[in-house]
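>>> with the sequence up front, the predicted model follows.
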Amino acid sequence: MDFLFIIQQSLSSAIGVNTIIFALAAIGLNMHFGYTGLLNFGQAGFLAVGAYTTAVLVVSFDFSLWAALGMSVLASVLFALLLGVPTLRLRADYLAIVTIAAAEIVRQIARSATFNDTLGGSDGITGKFGKAYFDLNPFTEGLETPILRFSPNDLWVVITGWLLVAAVLGFMWLIVNSPWGRVLKAIREDEEAVRSIGKNVYLYKMQSLILGGVIGSFGGAVYALSRQSVQPDNYSTFLTFFAYTVLILGGAARVFSPVIGSIIFWFLLVFVEQVLRQAVEQNYIPDWLINANQVSQVRFMLVGLGLMLLMVFRPQGIFGDKKELALDARA
Amino acid sequence: MHAPNSTYAAEAKKALVALDPRPGVDKPDPIIVAEGIKRTFGGLTAVDVTKMQVQRHSITALIGPNGAGKTTLFNLLTGFDRAQSGSWTFNGNEISKTPPHKIARQGMVRTFQLTKSLYRLTVMDNMRLAATAQRGESIFLSPLRFVWGSQEKEITERAESLLERFKLIDKKDDFAAALSGGQRKLLEMARALMVNPEIVMLDEPMAGVNPALKQSLLGHIRSLRDDGMTVLFVEHDMDMVRDISDWVVVMAQGQIVAEGEPHEVMKDQAVIDAYLGAHHDMTLETEDR
Ligand SMILES: Nc1ncnc2c1ncn2[C@@H]1O[C@H](COP(=O)(O)OP(=O)(O)O)[C@@H](O)[C@H]1O
Ligand SMILES: [Mg+2]
């Protein structure tokens, strides 16, 4: 086996573009679920709004990329209001139902034939809408080392992407460790108690939904820019559940844990895939058991199994504090 | 302990002793004035109170057998439940349509029969949370510690002195989940005081509290009045009620059936009837842990 290649691929994935996208999606969910107790099962919708607004405004409406990125923030704020206004006064499960449905509606609209001209139907949008961004790329050569390997464009996305993640984390750290963050955590524990001491719970839940949604939409913008394309089926519920996986893997209600979770998740996915692939190619694993076409499905099974074991033996996630945040503990 | 300031106690007694003890009687200086409150659940009338007033600076006990509607009345008055009809004022302001957080900010704060500690917050954070008008609670100012840091310090000092008084200071860095049932009751009361309320409404503050802690809770309730607050509380233990209340309101089947001074009201036939019908409920009463 070519271990160096496996390591190179896995490490490049661990700090790569997907890790950044899912870290942003999960940081947003951490705001919702980890700190406020809001069950948002439609994070994919926020990423889709971020990705599509960016791409469509540039491609079909001649916006500059920067204006389009600004509009994508605005669009995700509106999306959050749309979800929050009817549901946040109701019991927690209503938000869960509405968000999961709304994210699917967004995806179905995006892929519908009716809007084929602007949204591109099921093929989505491909084009050079990220040109203004890649024009700024100072790297003419990629990174080529034994343990890391990026194309020039990927290198640019990775560096700017991690800067964005760092900025978002810094901001998160400041606000969750403020009196504002304390109100959110209290809402997560017991809304009625928080009302009884004079806080407008609805307002705080709305702010949390908006903020976490906007952070998620950043992930969508990175998704679109990095590939110079958006495809509706990338924004299905699987994305939301991967983001939850990343969050819970790292440990909810810790500022940095979504990033750690995303790094581990994308390292493992690629590592398991590469090991399996080579094992199959070199006949360490017989064809009747797993063949080359099944590798990418089997890796999900194995990683899934690993996550189940983690939940059994360490329900608070890798960095969670067992006392504070075991998923199952309502003290 | 707290140096008792008997002026409020004496004034409340003096004001109340002159009253004609009948249900719904007007008080000379009422902080709460309620009329025609009705709440039904399906066919069941949980609360049907024609008139109720609470005297400012008094300790008023609300008693009545299980299911009489005491908790529902608390929920209605504090905005946690909506009445089918009725109106009530707090300090002269109509609040029957006001949401609960605004009622709390006006100075009317309640606790819950089943204690609502915020388990995965520390005791200190439970306290700090309850301070009102915090600059750092604005999403826009929250990242700017220099804007709210000094206020946070003041709040922490106030919280510490309250925790001191309620003998929870040693627990301030523990999660609220680590407290005993009785300590949680104390924490909930202390937290309510962080709001700087004018009236504190306590729903069964003694339920599930061990006898030693009960005595200190009684002391705390007295000291609230001595500090100028009004206390309205639900309690089942008649000895306690007799011991600390200035006035007693008795509910049965949603209605106020009697009112009066604690020693007098217990002799009232309507009260005896109400309790005889439901005596087993009284002794079975065990809430919380
Ligand atoms: N949410 C509710 N739904 C239906 N019935 C209720 C509800 N809350 C209270 N009740 C009923 O209203 C009556 C009064 O209850 P409650 O106010 O809790 O009494 P108390 O606090 O005096 O023991 C009881 O018969 C109770 O079963
Ligand atoms: Mg009750």
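Now that the structure is in, tell me what you want to look at. Ligands and ions are numbered 1, 2, ... in the order given.

>>> look up how far A:Ala14 lies from A:Phe271.
9 Å (CB to CB, to the nearest Å). Backbone N, C-alpha and C define where each C-beta goes, glycine included.

>>> to clarify, my last question referred to B:Ala177.
B:Ala177 sits at a distance of 36 Å from A:Ala14 (criterion: CB to CB).

>>> helices of the stretch 51-200 of chain B, start to end?
Secondary structure of the stretch 51-200 of chain B (DSSP state H, counting those that start in this stretch): helices located at B:70-77, B:100-106, B:123-129, B:145-165, B:181-194.

>>> cool, and the stretch 201-331 of chain A?
A:201-227, A:237-250, A:257-281, A:295-313, A:322-325.

>>> who's in contact with the second one?
Residues lying outside helix A:237-250 but in contact with it, judged by CB atoms under 8 Å, 6 or more residues apart in numbering or on different chains, are A:22-23, A:25-26, A:28-30, A:33-34, A:41-44, A:47, A:100, A:103-104, A:216, A:256-262, A:264-265, A:307, A:310-311, A:317-320, A:327.

>>> quick check on those: which are buried?
With neighbours counted by 16 or more other CB atoms under 10 Å in any protein chain shown, the contacts of helix A:237-250 contain buried members at A:22-23, A:25-26, A:28-30, A:33-34, A:41-44, A:47, A:100, A:103-104, A:216, A:256-262, A:264-265, A:317, A:319-320.

>>> what sits against the closest residue to A:Gly198 other than its chain neighbours?
Leaving aside its chain neighbours, A:Gly198 sits nearest to B:Ala104 (3.7 Å; criterion: CB to CB, 6 or more residues apart in numbering or on different chains). The contact partners of B:Ala104, by CB under 8 Å, 6+ apart, come to A:195-198, B:78, B:110, B:195, B:197.

>>> mind giving me the PyMOL select for the residues you listed, buried ones only?
Burial among the contacts of B:Ala104 is assessed by 16+ other CB under 10 Å; the matching PyMOL selection reads:
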select buried, (chain A and resi 195+196+197+198) or (chain B and resi 78+110+195+197)
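
>>> surely B:Thr72 meets B:Thr45?
No: with contact defined as CB atoms under 8 Å, B:Thr72 does not count as touching B:Thr45 (10.1 Å).

>>> so for the two, which residues contact both of them?
What both B:Thr72 and B:Thr45 touch, as defined by CB under 8 Å, 6+ apart, is the set B:39, B:254.

>>> distance to B:Trp88 and mean pLDDT added to the helices of the stretch 51-200 of chain B, as JSON lines?
Converted to JSON lines, the helices of the stretch 51-200 of chain B look like this (distance: least, CB to CB, whole Å; pLDDT from 0 to 100):
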{"stretch": "helix B:70-77", "distance to B:Trp88": "6", "mean pLDDT": "96"}
{"stretch": "helix B:100-106", "distance to B:Trp88": "10", "mean pLDDT": "97"}
{"stretch": "helix B:123-129", "distance to B:Trp88": "27", "mean pLDDT": "97"}
{"stretch": "helix B:145-165", "distance to B:Trp88": "29", "mean pLDDT": "96"}
{"stretch": "helix B:181-194", "distance to B:Trp88": "20", "mean pLDDT": "93"}
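
>>> out of the ones you listed, nearest to ligand 2?
helix B:70-77 (3.2 Å; CB to the ion).

>>> quick one: residues in contact with the closest one.
Residues contacting helix B:70-77 (CB under 8 Å, 6+ apart): B:32, B:34, B:37, B:39, B:46-47, B:49, B:62-64, B:80-83, B:86, B:88, B:108, B:110, B:113, B:201, B:203, B:234, B:251, B:254.

>>> list buried members of these by neighbour count.
Looks like the contacts of helix B:70-77 have B:32, B:34, B:37, B:39, B:46-47, B:49, B:62-64, B:80-81, B:83, B:86, B:88, B:108, B:110, B:113, B:201, B:203, B:234, B:251, B:254 buried, using 16+ other CB under 10 Å.

>>> and stretch B:227-237 with chain A, contact?
No: on the criterion CB under 8 Å from any CB of the partner chain, stretch B:227-237 is out of touch with chain A, staying 14.4 Å away.

>>> what about that stretch, distance to the chain center?
Taking CA atoms, centre = their mean, to the nearest Å, one finds stretch B:227-237 lying 6 Å from the centre of the chain it belongs to.

>>> now what about that stretch, what contacts it?
Against stretch B:227-237 from outside (CB under 8 Å, 6+ apart): B:2, B:5, B:8, B:31-32, B:54-63, B:70-71, B:74, B:113, B:197-207, B:221, B:224-225, B:241, B:245, B:282, B:285.

>>> is that stretch in proximity to ligand 2?
No: residues of stretch B:227-237 are not located near ligand 2 by CB under 5 Å from the ion, the shortest gap being 6.3 Å.

>>> what residues does the stretch 101-250 of chain B have near ligand 2?
Counting by CB under 5 Å from the ion, the residues of the stretch 101-250 of chain B close to ligand 2 are B:Gln113.

>>> show me what from the stretch 101-250 of chain B comes close to chain A.
Listed as neighbours of chain A in the stretch 101-250 of chain B under the rule CB under 8 Å from any CB: B:101-102, B:104-105, B:109-112, B:116-121, B:125-126, B:128-130, B:132, B:134-139, B:142-143, B:145, B:148, B:152, B:175, B:177, B:191-192, B:194-195.

>>> can you select the buried ones from these in PyMOL?
To isolate the buried members of those in PyMOL, using 16+ other CB under 10 Å:
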select buried, chain B and resi 101+104+105+109+110+111+112+116+117+118+119+120+121+125+126+128+129+130+132+134+135+136+137+139+142+143+148+152+175+177+191+192+194+195
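
>>> re earlier: among the contacts of B:Ala104, which one sits closest to A:Ile285?
Checking the contacts of B:Ala104 against A:Ile285 with CB to CB, the nearest one is A:Arg195 at 58.0 Å.

>>> does A:Trp180 touch B:Leu129 like I think?
No: look at A:Trp180 against B:Leu129 with CB under 8 Å: they stay out of range, at 11.0 Å.

>>> can you confirm B:Arg39 is in a helix?
No: the assignment for B:Arg39, made by DSSP: H, G, I helix; E, B strand; the rest coil, is strand rather than a helix.

>>> for it, give the beta-bridge partners.
Beta bridges link B:Arg39 to B:Val47, judged by DSSP bridges.

>>> how about the contacts made by it?
Here B:Arg39 is in contact with B:45-48, B:69, B:72, B:76, B:81-84 (criterion: CB under 8 Å, 6+ apart).

>>> show me where the stretch 1-150 of chain B has strands.
Taking DSSP state E, counting those that start in this stretch as the criterion, the stretch 1-150 of chain B carries its strands at B:30-41, B:44-55, B:59-63, B:85-90, B:93-94, B:108-110.

>>> TSV for those strands, including mean pLDDT?
Shown next, in TSV, are those (pLDDT from 0 to 100):
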stretch	mean pLDDT
strand B:30-41	95
strand B:44-55	95
strand B:59-63	95
strand B:85-90	95
strand B:93-94	95
strand B:108-110	97
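
>>> so which of the ones you listed is nearest B:Arg165?
Among the strands of the stretch 1-150 of chain B, strand B:108-110 sits nearest to B:Arg165 (CB to CB), with 16.9 Å.

>>> name the SS class of the nearest residue to B:Ile63 once chain neighbours are set aside, please.
With CB to CB, 6+ apart as the criterion, B:Ile63 has its nearest non-adjacent residue at 5.5 Å, and that residue is B:Val250. The three-state label given to B:Val250 by three-state DSSP is strand.

>>> count of residues packed around B:Val250?
The burial count assigned to B:Val250 is 24, neighbours taken as other CB atoms under 10 Å in any protein chain shown.

>>> could you do A:Tyr94 as well?
14.

>>> surely A:Ala26 and A:Gly261 touch.
Yes: using CB under 8 Å, A:Ala26 is in contact with A:Gly261, at 6.3 Å.

>>> wait, what's in contact with whichever residue of the stretch 101-250 of chain B sits closest to ligand 2?
Ranked by CB to the ion, the top residue of the stretch 101-250 of chain B for proximity to ligand 2 is B:Gln113, at 4.8 Å. Listed by CB under 8 Å, 6+ apart, the contact set of B:Gln113 reads B:71, B:203-204, B:207, B:234, B:287.
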